[in-house]
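S.K.: 3D, please:
(chains A and B)
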Amino acid sequence: MSIADLQTKLLAAARANVPGGHVPYAFEKRVMALLADHSPADQLALWVRGLWQAAASCMAIALLLGAWAFFSPATSSKSDDLSQNFENTLLASVDQSDQAQ
Amino acid sequence: MDQTEAELIASVLRGNAASFEPLVQKYSPRVMATARRYARRESEIEDIAQEVWLKAFDKLKSFRGEAPFEHWLMRLTVRTCYDFLRGHQRNRESSFTDLTEPETDWLERFVTQPESASENAEAAKLLVERVLERLSPKARLVITLLEIEDRSVKEIAQLTGWSVPLVKVRAFRARAEMRKILTKMARDKYL
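M.R.: Next up, the predicted model:
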């Protein structure tokens, strides 16, 4: 089967099938009713609404993080202190050379 | 006395929305016929046409009147149809094993005696519709405008807002994409 011939044949079939311009009954009335309901989007109002939504989300996240930091149990044990462990590991070689001297 | 198009548009721009109705009435058949090239269900076609008219009303201020209103409206229609295609990319990955009996018969007739498989047959129309549905939105738009509606590259560039070289590149890729789909169809059916 020649794919190029099939393509030509099918495109000819599509060309022969001209779609009609039939319009549903009272379509223009429906469009006019839609236009009456439809007000052009106020750009400023859209921006204001978007910014308020963003501000509310940020506030909610800040409150959640604040609550989490406030209510989470304090880690007093030295072994749990990640920053201290990191510093000890990083400076281990310096400590060893100090002790050797 | 009938108002001319320019008078109707000027009236709409002055705030008289009712003057828009004669324009909707006059050009809806053209908009509907174009939408029928890209959508199959009547509900989808009506949605596209409504979308076109809402956009036309909103953007009427941008119509400068240098070209006929119909050209401006057709640009808007083609772009709305393209948006529709991008939003409804269904059936693109399915196989061709579910062809109907008339479609399979037409294809078999084409394989055995290509001349006897008429392009006017209903099965051929359904088959090409299936193939077009599997094309990417860009490819379908280019194939429809260039190969089916027989428009020039320059016209397509004006309708789509793409540059002339870009239309040529996309037309080349679209034909290749269509051939790939047809090859897959032949493989699904005969291997």
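
S.K.: list the contacts of B:Ala157.
M.R.: Going by C-beta atoms under 8 Å, 6 or more residues apart in numbering or on different chains, B:Ala157 touches B:163-164, B:166-167. In this view, the C-beta of every residue, glycine as well, is placed from N, C-alpha and C.

S.K.: tell me which element it falls in.
M.R.: Under the criterion of DSSP states H and E, B:Ala157 resides in helix B:153-160.

S.K.: what of B:Leu107?
M.R.: Taking DSSP H and E as the criterion, B:Leu107 maps to helix B:101-112.

S.K.: can you name the next helix or strand after that helix?
M.R.: helix B:122-134.

S.K.: buried set for that next one?
M.R.: Within helix B:122-134, the residues scored as buried using 16 or more other C-beta atoms under 10 Å in any protein chain shown are B:123-128, B:130-134.

S.K.: adding distance to B:Lys55, write those out as CSV.
M.R.: Formatted as CSV, these follow (distance: C-beta to C-beta, whole Å):
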residue, distance to B:Lys55
B:Ala123, 36
B:Ala124, 34
B:Lys125, 30
B:Leu126, 31
B:Leu127, 33
B:Val128, 29
B:Arg130, 30
B:Val131, 29
B:Leu132, 24
B:Glu133, 25
B:Arg134, 28
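
S.K.: ok, of these, which one's closest to A:Gln96?
M.R.: B:Arg134 (68.8 Å; C-beta to C-beta).

S.K.: so the closest one touches B:Ile181, yeah?
M.R.: Yes - if you go by C-beta atoms under 8 Å, B:Arg134 and B:Ile181 touch, sitting 5.0 Å apart.

S.K.: if we can go back for a sec, now do the helix holding B:Leu107: everything it contacts.
M.R.: With C-beta under 8 Å, 6+ apart, helix B:101-112 has contacts from A:1, A:6, A:9, B:99, B:116-117, B:121-124, B:126-127, B:130, B:185, B:189-190.

S.K.: okay, now the nearest residue to B:Lys61 once chain neighbours are set aside: neighbour count?
M.R.: Counting by C-beta to C-beta, 6 or more residues apart in numbering or on different chains, B:Lys61 lies nearest to B:Leu13, which is 6.5 Å off, once chain neighbours are set aside. Neighbourhood size, B:Leu13 [other C-beta atoms under 10 Å in any protein chain shown]: 12.

S.K.: quick one: distance of stretch B:7-15 to the chain centre.
M.R.: 30 Å (C-alpha atoms, centre = their mean, to the nearest Å).

S.K.: quick one: contacts for the closest residue to chain B within chain A?
M.R.: Closest to chain B within chain A is A:Gly21: 3.1 Å, counting by C-beta to the nearest C-beta. Residues in contact with A:Gly21 (C-beta under 8 Å, 6+ apart) are B:28-30, B:32-33.

S.K.: redo that, cut-off 10 Å
M.R.: Counting by C-beta atoms under 10 Å, 6 or more residues apart in numbering or on different chains, A:Gly21 touches B:27-36.

S.K.: if we can go back for a sec, distance from the helix holding B:Ala157 to the middle of the chain?
M.R.: Worked out by C-alpha atoms, centre = their mean, helix B:153-160 lies 13 Å from the chain centre.

S.K.: could you do stretch B:122-130 as well?
M.R.: Here the centre of stretch B:122-130 is set off from its chain's centre by 16 Å, with C-alpha atoms, centre = their mean.

S.K.: and for stretch B:29-37?
M.R.: 8 Å.

S.K.: next one: phi and psi at the residue of chain A closest to chain B?
M.R.: phi -100, psi 30 (degrees, to the nearest 10).

S.K.: so what touches the helix or strand of chain A with the lowest mean pLDDT?
M.R.: The helix or strand of chain A with the lowest confidence, counting by mean pLDDT, DSSP states H and E, is helix A:92-100 at a mean of 77. Applying C-beta under 10 Å, 6+ apart, the contact partners of helix A:92-100 are A:88, A:91.

S.K.: need the residues of chain A near chain B, please.
M.R.: Within reach of chain B by C-beta under 10 Å from any C-beta of the partner chain, chain A has these residues: A:1-24, A:27-32, A:34-36, A:38, A:40-41.
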